[in-house]
Every structure is written in C-alpha cells, then in structure tokens.
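Chemist: Here's a sequence, model it:
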Amino acid sequence: MNMRIKILGSASGMPTLGKHGACVWINFADKNILLDCGEGTSKQMLRNKLDKNVIDAIAISHYHPDHVIGLFMVLQMLYLQNRKKSITVYLPEKIDEFEKILNYFYTFPLRCTYELNLALTSEINKDYKQITVIPSDHLHNLKNFIDEYKFSNELLSYSFLVNENGKHFLYTSDIWHTDYFKEYLGYLDLLIIDALHPEAREIISVSSNTKARIILTHGISQELEKIIFSSNDNNKFEVADENLEIHI
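Modeler: Numbers count the residues shown, from 1 in each chain. Below is the predicted model of the structure:
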C-alpha cells in the first residue's frame, strides 16, 4: 500500500449540514499530513483517531477561512491533549502575521506543550520530497481590489501533487481554471478537484484527459451537476464522501 487518503472535509465556503470544511488527510511512508484545515477538522481528527501525536504536518493551500479556520482549534486541541511531538504548519504567506494572530487568540506558541514550527507552503518539498506544490489562480481575481486598497496580501494559493512509489495524487484545493495542472493528468491515479469554481466544461474536459479516479469536492456547480447526472459522464465522477478511505 502506497498511500491512504481520506477527505475529512468537502464543503464549500458556505457551511453545509453534514459536511465539514476543506481538509484531506494523507498517509505515506509512515507520515500523516493534513492538506487544508477547515472548520470541523478537530472533530474529524478525533473521529478518525488522528489526534495527539499522529499528525506530522499541516499544509494550508490559501487563507480563505473555509481552508484554514479549523487550524486554531486543532492547535488548541493538541495543546490540551498534552502533545509532545513537534509539528510543522506550512502557510501560504505572511508567517509572521499568522503568528501574531495566534498570540492575539491567546494560543501562544511559546506556551505550547509541543514545538510549533511555521514554514511556507511553497517550501514543503524540502521536508517531504513526495509533495510538490503547484501555484494556482484562485486568488488572482482579487488583484485589483488588493492594489486599490493597498493591502499586503500576496494572493498565493496552491494545489498539492503527491507522488509515492509511482502513485500520483493531486488535490487541487480551490481553483478557477484547470490549465495549470493539465501536464500531470496523464499519470495521475487520483484527482480530488474543486467542482464549484471552474466552469463545468473544463472539469468535463479533465475527465477526457486522464484515467485517474476523479472525486468532486468543495460543492458542485449547478451547471456541472446538470451535465454529469443527465449524461453518460456520471460514471466518470464521484462526489466526495467524508466516510470513505482511499488506498492507491
């Protein structure tokens, strides 16, 4: 067995009854990593026995609340569980600003029972050779707004490609377009793709260019839902199931 993968959270930015905020757990080479950490991740960790010393690292794709807000509860939970093992959290941008937020929330890293290391998401490959981060376009439509009000946001957002023993898994997180990862489609075994933001025709096109198992997460657009479930394409896609563990 090369990789174990479970979608712990598959909801969109709008809270959904019976679903949790964005989070994917991956296990490979005796390492356990969370990709994104949306609302409800701490409860999902408990439900899946991933609490205390199990998780080695957490990687955040971008700073939208539905992908990061659960991180504060996870860090607090690990403190209350008296975790001793160090953990690294990979952040898309502004590490110093994030640490200030932790202090504002009285979640002082200096008082943790464990060593909390903060690093950039773009540098995760230095510690985990199996993971490649791919810059995405999800925040680019905010550039004019950011420039107008002179905010310091860097508009950084990432997808994650995981390669272990010849098996390839891509978690897109949130995206607007699929062009930037098409070069990887030919050898993917599993694709977990944002089914809400990209145009339906783009997602349908992806299915024609890969033999990977395709799982739709982060909700689903009405257009895509109509196309998939009223055509022969419905056997090419699965809607994310937060109870399903995948082995590739």
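
Chemist: Packing partners of the helix or strand of the chain with the lowest mean pLDDT?
Modeler: Least confident element among the helices and strands of the chain, by mean pLDDT, DSSP states H and E: helix 222-228 (a mean of 89). Contact analysis of helix 222-228 by 3 or more C-beta pairs under 8 Å, 6 or more residues apart in numbering; DSSP states H and E lists helix 200-207 as its packing neighbours. Any C-beta I mention is one placed from the backbone N, CA and C, and that applies to glycine too.

Chemist: Output the helix or strand that the helix it packs on is followed by as PDB, restricted to C-alpha atoms.
Modeler: The helix or strand immediately downstream of helix 200-207 is strand 213-220, counting by DSSP states H and E. Backbone C-alpha positions of strand 213-220 (Å, rounded to 0.1, in the frame of the first residue of the first chain) are rendered in PDB as follows:
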ATOM      1  CA  ARG A 213     -10.200   8.300 -10.300                       C
ATOM      2  CA  ILE A 214     -11.900  11.800 -10.100                       C
ATOM      3  CA  ILE A 215     -13.600  12.900  -6.900                       C
ATOM      4  CA  LEU A 216     -15.500  16.200  -6.800                       C
ATOM      5  CA  THR A 217     -15.100  18.300  -3.700                       C
ATOM      6  CA  HIS A 218     -16.000  21.800  -2.400                       C
ATOM      7  CA  GLY A 219     -19.600  21.600  -3.500                       C
ATOM      8  CA  ILE A 220     -20.600  21.300  -7.100                       C
END
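
Chemist: Low-confidence ranges, this structure, go.
Modeler: 1, 231-234 (pLDDT under 70).

Chemist: So which residues of it form strands?
Modeler: 4-9, 23-28, 31-35, 57-59, 87-91, 116-120, 131-135, 158-164, 167-171, 190-195, 213-220, 237-239, 245-247 (DSSP state E).

Chemist: Same list (those) but as CSV, adding mean neighbour count and distance to residue 66.
Modeler: Formatted as CSV, the strands of the chain follow (neighbours: other C-beta atoms under 10 Å; distance: least, C-beta to C-beta, whole Å):
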stretch, mean neighbour count, distance to residue 66
strand 4-9, 22, 8
strand 23-28, 24, 10
strand 31-35, 21, 14
strand 57-59, 23, 15
strand 87-91, 21, 16
strand 116-120, 16, 21
strand 131-135, 19, 19
strand 158-164, 22, 15
strand 167-171, 23, 15
strand 190-195, 24, 12
strand 213-220, 21, 8
strand 237-239, 17, 18
strand 245-247, 14, 22
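
Chemist: Compare the ones you listed and report which one is nearest to residue 16.
Modeler: With C-beta to C-beta as the criterion, residue 16 lies closest to strand 213-220 of the strands of the chain, at 7.4 Å.

Chemist: State the distance from residue 32 to residue 42.
Modeler: Computed with C-beta to C-beta, to the nearest Å, the distance linking residue 32 and residue 42 is 15 Å.

Chemist: re earlier: list the buried residues of the least confident helix or strand of the chain.
Modeler: Buried residues in helix 222-228, counted by 16 or more other C-beta atoms under 10 Å: 224-225, 227-228.

Chemist: Pull it out as PDB, backbone CA atoms only.
Modeler: Extracted in PDB, the C-alpha atoms of helix 222-228 (Å, rounded to 0.1, in the frame of the first residue of the first chain):
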ATOM      1  CA  GLN A 222     -25.500  23.600 -10.800                       C
ATOM      2  CA  GLU A 223     -24.200  23.500 -14.400                       C
ATOM      3  CA  LEU A 224     -21.800  20.700 -13.700                       C
ATOM      4  CA  GLU A 225     -24.300  18.700 -11.700                       C
ATOM      5  CA  LYS A 226     -26.900  19.000 -14.500                       C
ATOM      6  CA  ILE A 227     -24.300  17.800 -17.100                       C
ATOM      7  CA  ILE A 228     -23.000  14.900 -15.100                       C
END
